[in-house]
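In: need a structure here:
(4 chains)
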Protein chains: 2
Amino acid sequence: MHVDIKHIQELIKEKDLKVTPQRIGVLEAVYTLHNHPTAEQIIDFIHNKYPSIAIGTVYKTLDTFVKYGVINKVLTEGEVTRYDGVLKHHHHLYNEGNNEIKDYVNEELDEMLKTFFEKNAIEDYQISSITLHISVKSLNNNSNK
Amino acid sequence: MHVDIKHIQELIKEKDLKVTPQRIGVLEAVYTLHNHPTAEQIIDFIHNKYPSIAIGTVYKTLDTFVKYGVINKVLTEGEVTRYDGVLKHHHHLYNEGNNEIKDYVNEELDEMLKTFFEKNAIEDYQISSITLHISVKSLNNNSNK
DNA sequence: ATTCTTGCAAAGCATTTGCACCCTG
DNA sequence: CAGGGTGCAAATGCTTTGCAAGAAT
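Out: Just a heads-up that it's a prediction; the model follows:
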C-alpha cells in the first residue's frame, strides 16, 4: 500500500501542528502498517526511512496525534497500545485464532443502530458513538486473510 | 453489595481449581468492586481482609481466572488492565466525562443484532460474540451516577 | 525570533518470573 | 503425599519525563 506524503503533510498542518520529518514518518507508518500497529511496529518501520528517530519522540508524536484526533487508539484487552489511522466510523473484527484485528464497515448496520437508540434512549446519557467489537473465528483453516 | 462466599467457592471448584483463601479473596474483590476494577483496586480491597496476600499472587490468580473463564478482561484503550466478573452477555457504556465504564444489558438489541448478522453474514468468518462499545456523555452535569 | 519539537537517558510503573516453601484435595 | 498454589524480590518491558539543543513557522 502506497501512501501520499503530500496528503500526510496536509493532515498535520490542518491541526496546526508543525510539520516535521518525525511526524511525517509516524503518520506514514500508521497508514502503511494499516493493521492497528503497536508503537514497536511503528518504530521498526520508521527506522528504515529515518534511522535516527528517537523512541521517546515516537511515543510523544503518537500521543499528540491521538490528542488532536489525527489517529485513534484501539480497544484491546490490556495488551500494548495499538493505533488506528482510519478515522471513518468502523467496527472491529477480533479474530480469535490469530489475534488480528480487522476493520469492518457497514453503513446499513450503523443506520439500524442509530434508529434503535433513537427509539430506546439510554437514560441520563447522550450517545456520541457506537463501535462493535465482533469476535470471530475463521471459517477457512487458513488463519490469514 | 454483599457477596456470598459459599457461591464463590463453588465457582472456583467448578473449574477444578483449588479453593484457597487468596482465590476467594480475589473473586470476592472483583464481585464487590463490580465497576471493572484494576489489579491495584483489587489488591487494595483484599488487603483489608487478608492483609498478607502477595501482589504477584493476585496477578497470577487474575490470569488463572481469565484463562478458566471465571472472569473477563475489559477492552480499554491501552491503559491498565481491568477485570469484569459479570459473565452474562452485556455491553459497555464508556462515560467520556469521568472515564467510567458501566454495563449495559439489552436483550432486544442482542436479538436485533443476531437477526441482522444472520441476514448479513461476514464472509469467511463465524461470529462468536458481539459487544457494543457505547461512548456516552452524561446529560446531568453530575458526572457520577 | 519565538515557540514548539526532538533526542537522550533516566525514571516510572504495571506486570511477570523463578524458585523454595506451603497447603489443598 | 503429590501437585498445584503462594510469597517474595528481582527482573522485564512498555511508556513517560525532564531538559538542553535544534528546527519550524
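In: which residue is nearest the centroid of chain A?
Out: Centroid-nearest residue in chain A, with Cα atoms, centre = their mean: A:D84, separated by 0.8 Å.
In: residues contacting that residue?
Out: With contact taken as Cβ atoms under 8 Å, 6 or more residues apart in numbering or on different chains, A:D84 is in contact with A:30, A:36, A:71-74. Yep, even glycine has a C-beta here, placed from its N, CA and C like the rest.
In: State the distance from it to B:N106.
Out: 27 Å (Cβ to Cβ, to the nearest Å).
In: now A:L93
Out: From A:L93 across to B:N106, the span is 22 Å (Cβ to Cβ).
In: Tell me what the residue nearest to the centre of chain A is bridged to.
Out: Listed by DSSP bridges, the beta-bridge partners for A:D84 are A:N72.
In: State the pLDDT value of it.
Out: The per-residue pLDDT reported for A:D84 equals 96.
In: which secondary structure elements does the one helix or strand A:T131 maps to contact?
Out: In this assignment (DSSP states H and E), A:T131 forms part of strand A:125-138. Contacting strand A:125-138 under the criterion 3 or more Cβ pairs under 8 Å, 6 or more residues apart in numbering or on different chains; DSSP states H and E are the following elements: strand A:91-95, helix A:107-119, strand B:125-138.
In: With DNA strand D as the reference, name the closest of these.
Out: Of all those, it is strand A:91-95 that lies closest to DNA strand D, at 17.8 Å by Cβ to the nearest atom of the strand.
In: Residues contacting that closest one, please?
Out: Taking contacts as Cβ under 8 Å, 6+ apart, the residues outside strand A:91-95 that touch it are A:74-75, A:100-106, A:109, A:131-138, A:143, B:122, B:125.
In: Could you rerun that using 6 Å?
Out: Outside strand A:91-95, the residues within contact range by Cβ atoms under 6 Å, 6 or more residues apart in numbering or on different chains are A:101-102, A:104, A:131-136.
In: Check stretch A:96-108 too.
Out: By Cβ under 6 Å, 6+ apart, the residues outside stretch A:96-108 that reach it are A:36, A:86, A:90-94, A:135, A:137-138, A:143.
In: Lowest-confidence one in these?
Out: In this model, the minimum pLDDT among these belongs to A:S143 (44).
In: interface residues of chain A facing DNA strand C?
Out: If contact is defined as Cβ under 7 Å from any atom of the strand, the residues of chain A in contact with DNA strand C are A:17-18, A:20, A:22-23, A:52-57, A:60-61, A:64, A:78.
In: who in chain A is up against chain B?
Out: For chain A, the residues found near chain B under the criterion Cβ under 6 Å from any Cβ of the partner chain are A:73, A:75, A:77-78, A:81, A:124-137, A:139.
In: Pull out the buried residues from the residues you listed.
Out: A:73, A:75, A:78, A:81, A:125, A:127, A:130-136 (16 or more other Cβ atoms under 10 Å in any protein chain shown).
In: now for the residues you listed, which pair is the farthest apart?
Out: Largest separation among those by Cβ to Cβ: A:Y125 and A:V136, giving 28.7 Å.
In: List, one by one, the residues from chain A near DNA strand D.
Out: Taking Cβ under 7 Å from any atom of the strand as the criterion, the neighbours of DNA strand D within chain A are A:13, A:18-21, A:38-40, A:55-56, A:59-60, A:63, A:80-81.
In: In helices, which of the residues of chain A next to DNA strand C fall?
Out: The helices in this structure, assigned by DSSP state H, contain A:22-23, A:55-57, A:60-61, A:64 from those.
In: now those residues: which count as buried?
Out: Neighbour-count burial (16+ other Cβ under 10 Å) applied to these gives A:22-23, A:57, A:61, A:64.
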